[in-house]
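*Asks:* Below are the sequence and a predicted model for it; my questions follow.
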Amino acid sequence: MASNDDDRDPVDWERYEDELNPDADSADVVDLDKERQRRDQADTDDEPRTGLLHGNPDTETVLVDSVAAQRRPRFTLSGLRDARRRPIVPGWLRSRAEATGNALWALGLLGHTLAYHGIRLPKYGAKVAWRAPRGAVRMVRSYVWWLFDLEGVPYRQATARVEDADMYLKLARQRDRRVRWRGIVTVPVALGLVLAAVWLATTPATVTGWAAIAALVALCGIVGTPADKPLLDTAVVRTDAAPLTSDEVVRALATLRIVGIDRAIRAGDTGKRWFPAPIQRENGAGWRAEVELPRGVTATEVVEKREELASALARPLGCVWPEANAEVHPGRLVLFVADRDMSRAKPVPWPLLKTGLVDLFKPFPFGTDPRGRLVSLTLMFASMIIGSIPRMGKTFTLRLALLGAALDPRAWLYAFDLKGTGDLSPLESVCHRYRAGDDDDDIEYAIIAMRELRTELRRRTKVIRELPRDLCPENKVTPELASRKTLGLQPIVIGVDECQVWFEHPVYGAEFEEICTDLVKRGPAAGIVLILATQRPDAKSLPTGISANAVLRFCLKVMGHLENDMVLGTSMHKTGVRATMFSRRDRGIGYLAGEGDDPQIARTAYIDGPTAEAIVTRARAARERAGNLTGHAAGQTVDTLTVRRDTLIDDLAIVLGTGDAKVWTETVLDRLAGLRPEVYAGLTRDQLTAALKVHGIKTKQVWGTDPTTGEGANRRGIDRADITAAITKRDRDQGGRAAS
Ligand SMILES: Nc1ncnc2c1ncn2[C@@H]1O[C@H](COP(=O)(O)OP(=O)(O)OP(=O)(O)O)[C@@H](O)[C@H]1O
């Protein structure tokens with residue numbers, strides 16, 4: 001079929017010959033129906049996507065599909081039922097923050113314009129006065145022109161020249177008529193003006209008199225304004241971007257060297273059918289083109305070539321945002337071309353900068369999308385991962401999310417800055433637990449805090465389980481429950497920057513991983529939100545148990561599809577959600593997934609250190625009012641000695657001191673938890689094995705009796721002799737160090 005199509009000559013030579021030789025059949029009567037049919041057919045030939053044609057050089061082209069199959073679908077009720085209803089109230093009006101933001105912007109613009117011109121009023125006055133005489137002359141000249149019907153002079157002269165006496169008489173009569181009645185009108189007008197002038201000159205100056213003179217001068221000044229020198233200066237300079245045309249889009253797509261597009265164009269496709277809807281302005285921020293790519297071409301192929309596309313469109317990279325609209329089909333491209341470069345544009349101020357608090361159960365402002373619309377974030381019931389290559393804005397994003405949490409006076413904040421540069425320090429005064437750095441001391445502080453959270457998670461799940469159904473219908477924390485201080489179910493938000501430091505820690509790595517996995521899985525329902533930021537999104541830095549269960553994901557620029565999917569979720573790269581397309585200049589710009597149905601591009605609200613401090617001061621004041629300054633913010637310290645003093649082998653010596661010399665690991669865990677519940681509660685078999693490894697102790701097969709069944713069995717366990725040997729070695733080493 002295809003070969004037949006290819007054989008057919010795409011050029012309609014006959015038609016061109018006819019067009020070049022119009023006289024040949026100029027007398028032909030065009031049969032409109034036939035002509036329409038021919039044109040429709042030519043259009044169909046242009047379009048290889050229809051793919052329905054049986055090309056046959058000898059006979060007429062025959063359509064494979066039946067006529068019924070080609071008919072446009074009829075109007076049906078079910079079609080109407082499935083139709084997408086467009087929102088009655090536009091999106092920007094439904095969001096209070098966005099509507100307020102727009103209203104404030106409009107008021108600001110009005111205020112600026114009024115102030116700008118207000119301050120220049122004397123200058124405008126002087127200009128008007130200077131131009132008034134010229135205006136007066138212009139007005140008089142125009143009036144005289146009108147009074148004597150001077151515009152008819154050239155026509156009357158022309159008729160005189162060709163000696164057309166009839167026409168001349170007609171025009172002359174018309175002129176006389178016009179001048180007569182215009183003269184009659186002029187007499188009272190002139191009289192009125194003279195009287196007004198005499199009255200003004202003879203009566204003492206009054207406000208009305210001055211106002212009349214000012215109005216007259218202003219009128220003359222405006223009339224006397226030259227066309228190229230406007231009276232008012234420019235208060236707001238607009239940089240209007242060139243409109244986007246379908247022709248431009250097709251030509252740009254044709255340069256991308258995408259096989260399917262190239263093939264379609266070679267086959268004569270002009271691209272005029274690639275646009276299911278006209279290119280439109282969107283949100284006053286740019287142009288939106290929906291493109292139905294030639295069959296077999298996926299939108300992701302175009303997304304991947306964003307840089308080349310921007311170059312082909314001759315627009316800055318930060319203006320060109322191609323996206324796949326997989327909801328329609330993988331070949332549907334949505335191309336948004338913004339007027340302004342998103343990475344260069346002045347960031348929109350965060351709506352909560354000066355006023356307003358946050359309810360973590362509801363969305364709060366996070367940033368803006370390329371169309372300038374507000375993008376929000378809902379932290380409750382989700383864990384979040386933030387990932388990118390270095391210096392793209394992870395820490396700023398984490399700090400923004402924590403600032404949002406700080407503005408909910410109920411929430412407890414745990415902030416861990418493992419980069420140690422103090423980026424999260426503005427939040428210190430509202431944090432329940434806060435630490436910057438990755439020294440042993442800092443890690444010990446963190447592990448205590450995380451163990452605390454593990455215990456807290458268990459307590460919360462128990463509280464929720466025991467609550468009556470009507471209070472807790474979905475077995476998760478509700479805003480009402482979170483506000484009840486007695487239950488202790490307030491939101492807890494934990495932010496960890498450079499979390500890979502925790503998970504790669506030789507001693508506590510496994511324990512951090514286990515606690516974080518538990519928090520990511522069970523924490524959200526209990527009101528605990530974990531936010532992890534990392535610059536190395538691989539399986540080691542971000543264990544899969546965590547990355548697979550996070551709901552919210554923000555991915556700034558990454559280098560490869562593995563990192564992309566690690567942060568955004570499996571197969572995201574394949575479906576066209578590609579953070580690899582961002583450039584190094586796209587700071588703070590990333591894909592936000594998990595908020596709303598589809599991942600969206602967002603630029604985070606830019607908040608620098610001093611601004612963050614100002615917001616935190618406000619947040620702290622709200623917390624003081626709510627009586628919710630706790631932990632670190634209230635000056636409490638954590639005794640890291642409980643962790644630093646390595647009591648494990650000493651504690652093991654105690655719990656194995658009596659009775660059997662070899663004991664099953666689970667029995668040892670029970671005994672340790674009984675000895676020091678604050679340290680060992682929740683310790684798992686694997687963690688104990690890892691902790692023992694540090695001392696060179698291995699678990700081994702131990703014969704014992706199950707206390708519940710009374711049956712003997714061989715299981716992994718610990719030998720008291722190994723513990724004693726480890727203690728002896730340690731004491732000997734320490735003694736040796738002390739002596740040297
Ligand atoms: N929304 C934003 N708009 C503009 N610039 C931003 C935005 N967010 C961050 N930046 C800029 O990006 C720079 C890097 O930010 P940040 O320190 O958060 O990066 P990072 O990814 O955490 O870096 P690292 O990997 O070194 O920790 C900042 O200096 C800031 O100026």
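*Replies:* Great, that's in hand.
*Asks:* What strand or helix carries the closest residue to the ligand within the stretch 201-350 of the chain?
*Replies:* Taking Cβ to the nearest ligand atom, the ligand has its nearest neighbour within the stretch 201-350 of the chain at P347, 5.1 Å off. For every residue, glycine as well, the C-beta is placed using N, CA and C. Assessed by DSSP states H and E, P347 sits outside every helix and strand.
*Asks:* Leaving out the residues flanking it, which one is nearest to it?
*Replies:* Nearest residue to P347, sequence neighbours excluded (Cβ to Cβ, 6 or more residues apart in numbering): Y606, at 3.9 Å.
*Asks:* Next up, the contacts around the one you found.
*Replies:* Applying Cβ atoms under 8 Å, 6 or more residues apart in numbering to Y606 gives the contacts 347, 350, 396, 588.
*Asks:* 10 Å instead, please
*Replies:* Going by Cβ atoms under 10 Å, 6 or more residues apart in numbering, Y606 touches 346-350, 367, 393, 396, 400, 587-588.
*Asks:* from what I can see the residue of the stretch 201-350 of the chain closest to the ligand touches T368, true?
*Replies:* Yes. P347 is within contact range of T368, at 8.0 Å (criterion: Cβ atoms under 10 Å).
*Asks:* So which of those two has more stuff around it?
*Replies:* T368 (23 against 14; other Cβ atoms under 10 Å).
*Asks:* which residues touch the more buried one?
*Replies:* 98, 101, 285, 342, 345, 347-348, 374-375, 589, 601-605.
*Asks:* got the phi/psi numbers for it?
*Replies:* phi -130, psi 160 (degrees, to the nearest 10).
*Asks:* Which positions are bridged to it in the beta structure?
*Replies:* L374, R603 (DSSP bridges).
*Asks:* Pull up the gap between it and the ligand, please.
*Replies:* 9 Å (Cβ to the nearest ligand atom, to the nearest Å).
*Asks:* Include pLDDT when you put the contacts of Y606 into a markdown table, please.
*Replies:* Listed next are those as a markdown table, based on pLDDT from 0 to 100:
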| residue | pLDDT |
| --- | --- |
| K346 | 81 |
| P347 | 80 |
| V348 | 81 |
| P349 | 86 |
| W350 | 92 |
| G367 | 93 |
| G393 | 94 |
| F396 | 96 |
| L400 | 97 |
| R587 | 92 |
| G588 | 94 |
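*Asks:* Rebuild those residues as JSON lines, extending it with distance to A726.
*Replies:* As requested, these are arranged in JSON lines below (distance: Cβ to Cβ, whole Å):
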{"residue": "K346", "distance to A726": "62"}
{"residue": "P347", "distance to A726": "57"}
{"residue": "V348", "distance to A726": "60"}
{"residue": "P349", "distance to A726": "59"}
{"residue": "W350", "distance to A726": "55"}
{"residue": "G367", "distance to A726": "53"}
{"residue": "G393", "distance to A726": "47"}
{"residue": "F396", "distance to A726": "46"}
{"residue": "L400", "distance to A726": "47"}
{"residue": "R587", "distance to A726": "51"}
{"residue": "G588", "distance to A726": "51"}
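*Asks:* Could you check the pLDDT of V29?
*Replies:* pLDDT, the model's per-residue confidence, is 50 for V29.
*Asks:* Farthest from the middle of this protein: give me that residue.
*Replies:* In the chain, counting by Cα atoms, centre = their mean, A165 sits farthest out from the average C-alpha position, at 77.1 Å.
*Asks:* Next, count neighbours for the residue of the chain found nearest the ligand.
*Replies:* Of all residues in the chain, G588 sits closest to the ligand, at 2.3 Å by Cβ to the nearest ligand atom. Neighbours of G588 under the rule other Cβ under 10 Å: 20.
*Asks:* likewise the one 4 residues further on?
*Replies:* By other Cβ under 10 Å, 26 other residues sit near L592.
*Asks:* Can you say which helix or strand has it in it?
*Replies:* Going by DSSP H and E, L592 is in strand 589-593.
*Asks:* partners of that strand, with directions?
*Replies:* strand 552-555 (antiparallel), strand 600-604 (antiparallel).
*Asks:* So for the first one, mean pLDDT?
*Replies:* Same thing as strand 552-555. 96.
*Asks:* Tell me the first helix or strand C-terminal of that strand.
*Replies:* Downstream of strand 552-555 (by DSSP H and E), the next one is helix 561-568.
*Asks:* so that following helix versus strand 589-593, what angle?
*Replies:* 60 degrees (axes from the mean of the first three to the mean of the last three Cα atoms, to 10 degrees).
*Asks:* by contact count, what packs against helix 561-568?
*Replies:* Helix 561-568 is packed against strand 384-387, strand 528-534, helix 544-547, strand 552-555, strand 589-593, with contacts defined by 3 or more Cβ pairs under 10 Å, 6 or more residues apart in numbering; DSSP states H and E.
*Asks:* Between the ones you listed, which one is closest to E301.
*Replies:* Smallest distance to E301 across the helices and strands packed on helix 561-568 (Cβ to Cβ): 17.9 Å, for strand 589-593.
*Asks:* Out of the strands paired with strand 589-593, which gets nearest to L424?
*Replies:* strand 600-604 (15.3 Å).
*Asks:* so after the closest one, what's the next helix or strand?
*Replies:* helix 609-626.
*Asks:* where does the chain have low pLDDT?
*Replies:* Within the chain, the ranges that satisfy pLDDT under 70 run 1-74, 239-241, 639-646, 733-740.
*Asks:* who in it is up against the ligand?
*Replies:* Within the chain, the positions lying close to the ligand (Cβ under 6 Å from any ligand atom) are 347, 388, 390-396, 419, 535, 587-588, 603-604, 606.
*Asks:* Now, of these, which are buried?
*Replies:* By neighbour count, with 16 or more other Cβ atoms under 10 Å, the residues of the chain next to the ligand hold 388, 392-396, 419, 535, 587-588, 603-604, 606 as buried.
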